[in-house]
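J.: Just the structure for this:
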Amino acid sequence: MVSKSVEVDSEQLSKQYQKHGYFVIKDYFNQAEILSLRKVIVKFHQLWKQDNLDFYQSQEAFNSSLITGSQYLSAEDRLTLFKFISAKKMMRLVDSVITNKPAFMNTQLFFNPFNINQKDFWHRDCQYDFDIEDQKKVIQGTQVLHLRVPIFDELGMELVPGTHQRWDNEEEYNVRQEENGKLSSDELSTGKKIKLAAGDILVFSADMIHRGLYGLDRLAFDILIFDSAGNYVDYVDNDCLPDISMLAEIPDPSVYFNTLQLKAKLAN
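T.: Residues are numbered from 1 along each chain as shown. From the prediction side, this is the model:
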């Protein structure tokens, strides 16, 4: 656990991340910062639910994405999010883990499923894009970071420390892959629960074994950042990036410029 102070020790955070695959800072944001963010996120969530009501109610939805896109938010609200994401206090945390031109990938919003009986589940993000052998390679490569900012107090997450750099043990594999009679919602003896409150931030590896915990007023804003050395720019939706006029109003837009440079190289 890191001290309840905005002034953080980047070296300490780096060491903790390298060892465990995550770190959490309590009370990192003040009330004004959370209220400003909450206003925009709640607006997005309400509009998204109205537009995706059938999916939300019948397809076991538990998250949405492309929060910074133009479909549901005004330019002013999008700019609020872009400024929050690239603020010094956010990039200080990112830079403690990713030293090679961190680039913006996407945003996601995690909420409670409509079905109150739906169970949370263990996974690695990479399992949705790669087979088992490639997953083993991915976790040894460049990192994708989740920066989770709870909008309200919530039960938080459960992580398996160290799995950002090691493969599943037998118990973990059977549960995550639902082998040998196990379910992905089963308990893991290696899991560590991390309760989160509005104002906290959790930074963790997308490819470590983890699961969100449903309950309370869960509404968590996740920011995904990747190492420019990694092959992730294809995952970036152009509509979710700031335009030229927005970039001019962002104090430090480097995390977006890094993404735009990668996309320009890809186009050429």
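J.: going forward, measure contacts between C-alpha atoms and count neighbours the same way
T.: OK.
J.: Buried residues of the longest helix along the chain, list them for me.
T.: In the chain, with assignment by DSSP state H, the single longest helix is helix 31-51. For helix 31-51, the neighbour count (16 or more other Cα atoms under 10 Å) marks 34-35, 37-38, 40-41, 44-45, 48 as buried.
J.: Next, format the residues you listed as TSV and append pLDDT and distance to N117.
T.: TSV is the format used below for the buried residues of helix 31-51 (pLDDT from 0 to 100; distance: Cα to Cα, whole Å):
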residue	pLDDT	distance to N117
I34	98	29
L35	98	30
L37	98	29
R38	98	26
V40	98	29
I41	98	25
F44	98	25
H45	98	21
W48	97	22
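J.: Run through who's touching whatever helix or strand comes next after the longest helix of the chain.
T.: Tracing the chain past helix 31-51, the next element assigned as helix or strand by DSSP states H and E is helix 53-58. Helix 53-58 is touched from outside by 49, 61-62, 113-115, with contacts defined as Cα atoms under 8 Å, 6 or more residues apart in numbering.
J.: Need the mean per-residue confidence for helix 53-58.
T.: Averaged over helix 53-58, pLDDT sits at 90.
J.: Also stretch 137-146?
T.: Mean predicted confidence for stretch 137-146 is 89.
J.: how about low-confidence regions in the stretch 101-250 of the chain?
T.: Scanning the stretch 101-250 of the chain for pLDDT under 70 picks out no residues.
J.: can you give me the strands for it?
T.: Counting by DSSP state E, counting those that start in this stretch, the stretch 101-250 of the chain has these strands, from start to end: 102-111, 144-150, 154-159, 192-196, 201-205, 210-212, 219-227.
J.: which one of these lies closest to Q12?
T.: Smallest distance to Q12 across those (Cα to Cα): 13.5 Å, for strand 201-205.
J.: by contact count, what packs against that closest one?
T.: Packed against strand 201-205 by the contact rule (3 or more Cα pairs under 8 Å, 6 or more residues apart in numbering; DSSP states H and E) you find strand 22-25, strand 144-150.
J.: For the first one, output the C-alpha coordinates as PDB.
T.: Output of strand 22-25 as PDB, limited to C-alpha atoms (Å, rounded to 0.1, in the frame of the first residue of the first chain):
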ATOM      1  CA  TYR A  22      -0.100  -3.600  -9.600                       C
ATOM      2  CA  PHE A  23      -0.200  -0.800  -7.000                       C
ATOM      3  CA  VAL A  24      -3.000   1.100  -5.300                       C
ATOM      4  CA  ILE A  25      -3.000   4.600  -3.900                       C
END
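J.: Show me which positions of that strand end up buried.
T.: Buried, per 16+ other Cα under 10 Å, within strand 22-25: 22-25.
J.: Can you add pLDDT and distance to D222 and give those residues back as TSV?
T.: Below are the buried residues of strand 22-25 laid out as TSV (pLDDT from 0 to 100; distance: Cα to Cα, whole Å):
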residue	pLDDT	distance to D222
Y22	98	14
F23	98	15
V24	97	14
I25	97	15
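J.: quick revisit: for I132, which of the strands of the stretch 101-250 of the chain is the nearest?
T.: Among those, strand 210-212 comes nearest to I132, with 16.8 Å by Cα to Cα.
J.: so how far is that closest one off the chain centroid?
T.: From the chain centre to the centre of strand 210-212 is a distance of 11 Å (Cα atoms, centre = their mean, to the nearest Å).
J.: and if you look at stretch 57-64?
T.: 18 Å.
J.: Same question for stretch 218-231.
T.: 5 Å.
J.: With stretch 94-108 instead?
T.: Distance of stretch 94-108 from the chain centroid (Cα atoms, centre = their mean) equals 11 Å.
J.: any idea how far V40 is from L81?
T.: As judged by Cα to Cα, to the nearest Å, L81 and V40 stand 8 Å apart.
J.: dump the residue contacts of K263.
T.: For K263, the contact set (Cα under 8 Å, 6+ apart) comprises V233.
J.: Regarding it, what is its secondary structure?
T.: State at K263, reduced to three classes by DSSP: H, G, I helix; E, B strand; the rest coil: helix.
J.: distance of it from A206?
T.: Counting by Cα to Cα - K263 and A206 are separated by 22 Å.
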